[in-house]
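K.L.:
Sharing a model prediction with you, sequence too.
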Amino acid sequence: MDHPLRLDQTELAVRPWRTATLVVAGIAAVELALLVMIGGALLAKPEPAGRKAAPAKAAPAKHETKPAPAPAKKVVAAELPRRKVTVVVLNGNGRQGAAAAVSSRVQRKGYRVGLVANAPSHDYPTSLVMYRRGFEGEARRLAHDLGVKVVSPLDGVRPAQLHGAQAVLILGG
């Protein structure tokens, strides 16, 4: 005997919830897609009005243009002759007698040596010439004469400690 299919109350209650869940999930997916598109549009940089989009491939230039040269570093010339420039020679490498040996070389180049002493520390990796304000040209000439690569304004040495000298030579390792 055939029995008609009879649905219980529990089965009738399940079907509307499944359908409702699928409809709500579909609506949520559409809303998410719209929010992503709106957010992307708001976060993207808007192109200013009147500005055209860049062409995909630029046309080759008819003539080559060279970039502008970098501004030349102002070279300060020495104003005092070597015999009027006084140099303080400091031993910054810790080798005994290094400052005395180099001070005689400084004198042979024509400079006056004002003071020969030890630097506050003996861990200078390279030699350097420091100068008082207004004597950069003389310091650069001294560095060139001695083959020293680093030249800078006074750093850590007060002008009063120079005993009237215009430059300081600190010997490094």
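P.N.:
Perfect, thanks for sending it. Because the structure is predicted, anything quoted here is derived from the model rather than measured.
K.L.:
any weak-confidence spans in the chain?
P.N.:
1-16, 45-74 (pLDDT under 70).
K.L.:
Strands of that one, residue ranges please.
P.N.:
Remark: strands assigned in the chain by DSSP state E are 86-91, 112-118, 128-131, 150-153, 167-171.
K.L.:
Point out the most buried one among those strands.
P.N.:
strand 167-171 (a mean of 26; mean count of other CB atoms under 10 Å). The way it works is simple: take the backbone N, C-alpha and C, and place the C-beta from them, glycine included.
K.L.:
what comes into contact with that strand?
P.N.:
Contacts of strand 167-171 with the rest of the structure, by CB atoms under 8 Å, 6 or more residues apart in numbering, involve 85-93, 98-99, 102, 106, 119, 124, 127-132, 135, 138-139, 142, 146, 148, 154, 157, 162.
K.L.:
what's the nearest residue to residue 77 if we skip its chain neighbours?
P.N.:
Among residues not flanking residue 77 along the chain, residue 137 sits closest, at 4.9 Å (CB to CB, 6 or more residues apart in numbering).
K.L.:
which residues does that neighbour contact?
P.N.:
Counted by CB under 8 Å, 6+ apart, residue 137 has contacts 76-79.
K.L.:
Show the buried residues in these.
P.N.:
Neighbour-count burial within these applies to residue 78; the criterion is 16 or more other CB atoms under 10 Å.
K.L.:
List just the nearest of the contacts of residue 137 to residue 24.
P.N.:
The closest of the contacts of residue 137 to residue 24 turns out to be residue 76 (CB to CB; 78.3 Å).
K.L.:
isn't that closest one right next to residue 135, touching?
P.N.:
No: with contact defined as CB atoms under 8 Å, residue 76 does not count as touching residue 135 (9.1 Å).
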